[in-house]
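Visitor: Let me see the structure of the following:
(2 chains)
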Amino acid sequence: MYGNDFSAPDDATGGGLLGEVEAAEAELRAAAARQRRGGPAPDEDLATYFTAVVDAEQKIEPRDWMPDAYRKTLIRQIAQHAHSEIIGMQPEGNWISRAPSLKRKAILLAKVQDEAGHGLYLYAAAETLGISRDELVRLLLDGRQKYSSIFNYPTLTWADMGAIGWLVDGAAIVNQVPLCRCSYGPYARAMIRVCKEESFHQRQGYEILHTLAHGTPAQQAMAQDAVDRWWYPSLAMFGPPDGNSTHSAQSMAWKIKRFSNDDLRQRFVDMCVQQAEVLGLRIPDEDLRWNEERQAYDYTQPDYDELMRVISGDGPCNRERMARRRAAHAEGAWVREAATAYAAKRAGQKEKVAA
Amino acid sequence: MNGPFDFTLALGDDALIAAQRLAEWTTRAPEMEEDIALANIALDQLGAARLLLSYAGELEGAGRDEDALAYLRDDRQFRNVLLVELPNGDFAVTMAKLFFLAAYQLPLYTALAGCADERLAAIGAKARKESAYHLDHGALWVKRLGDGTEESHRRMQAAVDQVWPYTHELFTADLAAPVDPATLRSAFDETVGPVLAEATLTRPESRWSPAGGRTGVHTEHLSYLLAEMQVLHRAHPGAKW
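Guide: Residues are numbered from 1 along each chain as shown, chains lettered A, B, ... in the order given. The predicted structure follows:
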């Protein structure tokens, strides 16, 4: 009964993106059906074979040879994505106890639970590259791997649940839909499932804002304030401008990445403008206007210095987010040890019975 | 208690407060899989609470819906047992609470599924399947922790000792209710006894049996829980969410 028991006020929200996810899924199935050419010929160079598979829009699978840098890039990217899902539970988890209706409480709790599920699913995808979840968690806890900077902003009002769904999940989907066509099979398949669920989350967020924007004056103000605070950090989610992005060119060649940061950011802005109008909320950008020549909106760039500060650890909530994760890990140690000890005793008993 | 309204309200309050406590674990569980499991159980309890409170509102006939009952009553008007409002404590305390609650809710909902009130029967039929899973999950952790390491054994025994006295209130006789809770005691004992034994835990002998939840006399903890749960809803009277 929880999850989607509301009517969508407007089907324009993310509908096109979900269509793209479905197209990517169909493509994935078609690629699997056509099958790859057999493995590399006995005298064929492995690197040549790898490139041929990628160029033919076929998928690289865990058993295949791949360049070390490709493997490392994927591990870093998938792990960061997994960490983001896990840390991302915190800002929204912050409002579960105070959700203003039981229906909203159920939807939010289910959403945060979905994020934990995405995290586990992505850690499993990373594990196919030859690294364990324990190692990845350790890298996160030691601060050696990052998570999305957006989760270092605080959730101050209930309307932030709407703004996160609409803008943050919206930006995440725009970022992730192309990953459904990623050259690495396990990641592409994981992203299809994740994107489908994210699109529900985005609709739920949009619906929260829609209700608030059509509610009491205090609710309307709360909704506008949330959009004002989340707009630019959401734009920053696409990363630094193309000129400054370190990983982009090689990832494009490997078909891990399909569009540049700036292309995706533009796409997100264009998508949001129309939706904001339906919501009756203002995007906090005086210079936002349609550019006939470019057939796209001109908009103000986010503050990339702020983005760099937040990434480097000095956002409003970096310390608290990490402290919470470390505390959960440390305080749970005795429980995990007990589970291991219990399992070992059971295994011992079974052996005795078998003997 | 007095008739189907009070009974339904009491069960709804049990489920709601249990959900609120379990949801506190979100992002804090000892492992990621457990975060998902606890959220799952919280969602089950919340789902049952919504059905029960909605029906209670209909039985009362005063126009109160699930949210009016959840958000606009004070602690003295809540009818949940004390067990569910106790703070989470460490993971062992939470598992003791979960295990005992499920060992009570499973026979309760099972009996309810066969009662004459069709609405309650339908709710019982749905919720008993969920309770069976909660019981499995709680029992497994009680065994793992009880028969795990020295530290986990110590913590699990302490948790059982702490929570056990609050189980007696679950079985306070109520002859007017669709299901008399006193009739559930033997099923509870038959479930709990073997699990505690397998977990190498001792069933406490304490004769202390705190009660009062069913008449609205709670522990000091409930008022804080409600203050947090209700704060936003009450700050915007009449608003829709």
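Visitor: where's A:Lys72, which helix or strand?
Guide: Secondary structure assignment for A:Lys72, by DSSP states H and E: helix A:68-87.
Visitor: How about the following helix or strand past that helix and chain B, any contact?
Guide: Using DSSP H and E, the helix or strand that follows helix A:68-87 towards the C-terminus is helix A:89-93. Yes. Against chain B, helix A:89-93 shows contacts by CB under 8 Å from any CB of the partner chain at A:Met89, A:Gln90, A:Gly93. Yep, even glycine has a C-beta here, placed from its N, CA and C like the rest.
Visitor: And the average pLDDT for helix A:89-93 is what?
Guide: For helix A:89-93, the mean pLDDT works out to 98.
Visitor: again, but for stretch A:27-39
Guide: Per-residue pLDDT values over stretch A:27-39 give a mean of 75.
Visitor: Over to stretch A:128-143?
Guide: Regarding stretch A:128-143, the rounded mean pLDDT is 97.
Visitor: phi, psi of B:Thr149?
Guide: With angles defined as degrees, to the nearest 10, B:Thr149 sits at phi -100, psi 170.
Visitor: my guess is it contacts A:Arg336, does it?
Guide: No. B:Thr149 lies out of contact with A:Arg336 (CB atoms under 8 Å); the separation is 10.2 Å.
Visitor: And chain B, is the helix holding A:Lys72 touching that?
Guide: Yes. Using CB under 8 Å from any CB, helix A:68-87 reaches chain B at A:Ile86.
Visitor: Show me the strands in chain B, by range?
Guide: Using DSSP state E, no strands are found in chain B.
Visitor: pLDDT weak spots in it?
Guide: Scanning chain B for pLDDT under 70 picks out the ranges B:1-2.
Visitor: Going by residue numbers, what spans are helices in it?
Guide: Counting by DSSP state H, one finds helices in chain B at the ranges B:3-23, B:32-60, B:66-71, B:82-85, B:91-113, B:118-146, B:150-163, B:185-198, B:221-235.
Visitor: Please produce JSON lines containing these, extended by distance to chain A.
Guide: Shown next, in JSON lines, are those (distance: least, CB to the nearest CB, whole Å):
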{"stretch": "helix B:3-23", "distance to chain A": "5"}
{"stretch": "helix B:32-60", "distance to chain A": "4"}
{"stretch": "helix B:66-71", "distance to chain A": "5"}
{"stretch": "helix B:82-85", "distance to chain A": "14"}
{"stretch": "helix B:91-113", "distance to chain A": "5"}
{"stretch": "helix B:118-146", "distance to chain A": "4"}
{"stretch": "helix B:150-163", "distance to chain A": "3"}
{"stretch": "helix B:185-198", "distance to chain A": "11"}
{"stretch": "helix B:221-235", "distance to chain A": "5"}
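Visitor: Any chance of a markdown table for the ones you listed, columns mean neighbour count?
Guide: Formatted as a markdown table, these follow (neighbours: other CB atoms under 10 Å in any protein chain shown):
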| stretch | mean neighbour count |
| --- | --- |
| helix B:3-23 | 24 |
| helix B:32-60 | 22 |
| helix B:66-71 | 20 |
| helix B:82-85 | 24 |
| helix B:91-113 | 24 |
| helix B:118-146 | 20 |
| helix B:150-163 | 20 |
| helix B:185-198 | 16 |
| helix B:221-235 | 17 |
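Visitor: Show me the one of those helices that comes nearest A:Ala24.
Guide: helix B:32-60 (26.2 Å; CB to CB).
Visitor: gap between that closest one and the chain center?
Guide: Offset of helix B:32-60 from its chain centre (CA atoms, centre = their mean, to the nearest Å): 10 Å.
Visitor: Show me where the stretch 201-350 of chain A dips below the pLDDT cut-off.
Guide: In the predicted model, the stretch 201-350 of chain A carries pLDDT under 70 at residues A:245-247.
Visitor: Point out the residues in it that sit beside chain B.
Guide: Remark: the part of the stretch 201-350 of chain A in contact with chain B comprises A:211, A:215-216, A:218-219, A:324-325, A:327-328, A:331-339, A:341-342, A:345, using CB under 8 Å from any CB.
Visitor: residues near B:Gly61, how many?
Guide: Using other CB atoms under 10 Å in any protein chain shown, B:Gly61 is surrounded by 8 other residues.
Visitor: Correction: the previous question concerned B:Leu175.
Guide: Using other CB under 10 Å: B:Leu175 sits among 7 other residues.
Visitor: distance of it from chain A?
Guide: Distance check for B:Leu175 against chain A: by CB to the nearest CB, to the nearest Å, it reads 31 Å.
Visitor: show me the contacts for that residue.
Guide: Residues in contact with B:Leu175 (CB atoms under 8 Å, 6 or more residues apart in numbering or on different chains): none are found.
Visitor: Can you pull the phi/psi pair for it?
Guide: According to degrees, to the nearest 10, B:Leu175 has phi -70, psi -20.
Visitor: Against B:Ala48, how distant is B:Asp14?
Guide: Here B:Asp14 is placed at a distance of 9 Å from B:Ala48 (CB to CB, to the nearest Å).
Visitor: Okay, buried residues for the helix or strand harbouring A:Arg346 please.
Guide: Using DSSP H and E, A:Arg346 maps to helix A:333-354. Neighbour-count burial for helix A:333-354, with 16 or more other CB atoms under 10 Å in any protein chain shown as criterion, is recorded at A:Trp334, A:Val335, A:Ala338, A:Ala339, A:Ala341, A:Tyr342.
Visitor: now that helix against helix B:32-60, angle please.
Guide: Calculated by axes from the mean of the first three to the mean of the last three CA atoms, to 10 degrees, helix A:333-354 forms an angle of 100 degrees with helix B:32-60.
Visitor: which other helices and strands contact helix A:333-354?
Guide: Contacts defined by 3 or more CB pairs under 8 Å, 6 or more residues apart in numbering or on different chains; DSSP states H and E place helix A:333-354 against helix B:118-146, helix B:150-163.
Visitor: distance of B:Thr215 from chain A?
Guide: 24 Å.
Visitor: Can you classify the residue nearest the centre of chain A by secondary structure?
Guide: Centroid check for chain A by CA atoms, centre = their mean gives A:Ala172 as the closest residue, at 5.0 Å. Under DSSP: H, G, I helix; E, B strand; the rest coil, the three-state class of A:Ala172 is helix.
Visitor: do the same with A:Tyr147
Guide: Following three-state DSSP, A:Tyr147 is assigned to coil.
Visitor: Let me see the contact set for it.
Guide: With contact taken as CB under 8 Å, 6+ apart, A:Tyr147 is in contact with A:Gln80, A:His83, A:Ser84, A:Ile86, A:Ile87, A:Gly88, A:Leu140.
Visitor: Go through those and name the one nearest chain B.
Guide: Among the contacts of A:Tyr147, A:Ile86 lies closest to chain B (CB to the nearest CB), at 6.9 Å.
Visitor: in which helix or strand would I find the closest residue to the closest one other than its chain neighbours?
Guide: Once flanking residues are discounted, A:Ile86 sits nearest to A:Gly119: 4.3 Å by CB to CB, 6 or more residues apart in numbering or on different chains. Assigned by DSSP H and E, A:Gly119 falls within helix A:102-127.
Visitor: Which secondary structure elements does that helix sit against?
Guide: helix A:68-87, helix A:89-93, helix A:133-141, helix A:185-213, helix B:3-23, helix B:32-60, helix B:66-71.
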